[in-house]
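Undergrad: next input, structure requested:
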Amino acid sequence: MKPAIRIGVIGLSVHSDDYTNIINGTPGGNGRQGCLVTVLYHPPGNPDVEFKEEQLARFSASVTKNGVRLVNSIAEMLPEVDAVMLLTNDGRPHLKEIMPVLKAGKPVYVDKPMAESFANVKAIFRQAEKYKVPIFTSSPLRYVRRAQQFAAGETVGKVTGAETYGPAPIQKSHTDLFWDGIHGVELLYTVMGTGCEYVSRTFSPAGDLVTGIWKDGRTGVFRGLRSGRIGFGGTVFGTEGIAEIGGFDGYQGLVDVILTFFKTGQPPVSAAETLEIYAFMAAADVSKKKEGSLVKISIA
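TA: Numbering: from 1, shown residues only. Reported below is the predicted structural model:
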């Protein structure tokens with residue numbers, strides 16, 4: 001039986017391995033939600049962020065075991081698929097890699113970091129709009145079960161503030177928080193919603209403390225971890241209580257949202273929200289350079 005959606009993957013990474021296992025490993029042989037990863041192309045990576053050869057070999061063996069065929073170019077992949085997951089680990093080549101996908105009219109999910117700079121994040125969305133192709137990006141942390149409950153107004157009522165934490169290693173080729181800080185920042189936005197106006201960042205080699213002030217007076221805080229025990233989580237404050245978000249509970253939530261997106265063509269996270277998230281992190285970078293000064297978010 002032919003799958004409803006044939007998915008092509010660009011990039012060998014932890015996510016391309018794990019997402020393929022979830023999608024193609026569903027019993028029945030027709031994939032999760034009737035979708036299958038069928039083809040993968042791995043472009044040459046930048047050595048400063050590329051996985052080790054033994055890791056790449058392991059990822060390759062895993063995806064081929066799941067019935068995925070490896071091809072030699074994006075051009076070879078595109079005629080054989082209905083949708084694309086751009087899962088290269090490095091944000092720098094994403095704009096270049098996504099262009100043939102957009103020109104071919106294939107809906108595309110872009111892994112984090114969407115790009116290495118805010119300018120290129122905006123460029124990707126402009127090109128998607130130009131070619132009228134549905135696109136979205138999201139950290140898996142957005143789809144932590146408890147985070148979705150808080151976003152829906154469950155558990156603590158209306159959210160009045162939140163604090164999240166997560167790893168924030170520095171990758172010199174990317175805006176600081178884009179690399180891994182995106183996870184905790186997107187978790188913060190999941191429970192707080194959009195509307196942040198000002199950002200300040202206190203930086204030390206051991207970590208970051210980033211505070212956002214929302215237009216309605218609420219505050220949200222992200223603690224970026226670079227020393228001691230590293231993990232994900234946070235606390236949500238609401239009109240009816242205070243509760244913990246809990247840790248990461250797997251990729252299945254995001255994968256199911258990606259597959260539904262491919263079937264409907266409706267992005268589950270708007271471009272406007274994603275742009276604000278990346279503008280928040282870009283403003284935090286400016287605040288770092290200004291020794292923690294309050295910086296107004298700008299999406300222009």
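Undergrad: what mean pLDDT does stretch 157-173 get?
TA: For stretch 157-173, the mean pLDDT works out to 96.
Undergrad: off-centre distance for it?
TA: 13 Å (Cα atoms, centre = their mean, to the nearest Å).
Undergrad: list the buried residues in it.
TA: The neighbour-count check on stretch 157-173 (16 or more other Cβ atoms under 10 Å) flags 159-168, 171 as buried. Quick note: C-beta positions are derived from backbone N, CA and C, even for glycine.
Undergrad: first-to-last residue distance for it?
TA: By Cα to Cα, to the nearest Å, the extent of stretch 157-173 from end to end equals 40 Å.
Undergrad: over to stretch 142-159?
TA: End-to-end for stretch 142-159, by Cα to Cα: 16 Å.
Undergrad: repeat for stretch 64-73
TA: 17 Å.
Undergrad: need the contact partners of it.
TA: 9, 20-21, 24-25, 36-42, 60, 63, 77 (Cβ atoms under 8 Å, 6 or more residues apart in numbering).
Undergrad: list buried residues within those residues.
TA: Buried members of these, scored by 16+ other Cβ under 10 Å, are 9, 20-21, 24, 36-42, 60, 63, 77.
Undergrad: out of those, which is nearest to residue 89?
TA: residue 42 (10.5 Å; Cβ to Cβ).
Undergrad: that closest one and residue 8 touch, don't they?
TA: No: using Cβ atoms under 8 Å, residue 42 is not in contact with residue 8; the gap is 11.7 Å.
Undergrad: joint contacts of the two?
TA: Common neighbours of residue 42 and residue 8 (Cβ under 8 Å, 6+ apart) do not exist.
Undergrad: can you pull out the helices in the stretch 151-300 of the chain?
TA: 181-192, 252-264, 271-289 (DSSP state H, counting those that start in this stretch).
Undergrad: of these, flag the one that's most buried.
TA: Across the helices of the stretch 151-300 of the chain, averaging neighbours per residue (mean count of other Cβ atoms under 10 Å) puts helix 181-192 on top, at a mean of 26.
Undergrad: name the helices or strands packed onto that helix?
TA: Using 3 or more Cβ pairs under 8 Å, 6 or more residues apart in numbering; DSSP states H and E, the elements in contact with helix 181-192 are helix 145-151, strand 159-167, strand 207-214, strand 219-225, strand 233-238, helix 271-289.
Undergrad: which of the ones you listed sits closest to residue 181?
TA: strand 219-225 (5.1 Å).
Undergrad: and for stretch 46-56, what's in contact with it?
TA: Residues contacting stretch 46-56 (Cβ under 8 Å, 6+ apart): 12-13, 42, 45, 59, 89-90, 92-93, 171-173.
Undergrad: can you pull the contacts of residue 22?
TA: So residue 22 contacts 32, 251-252, 255 (Cβ under 8 Å, 6+ apart).
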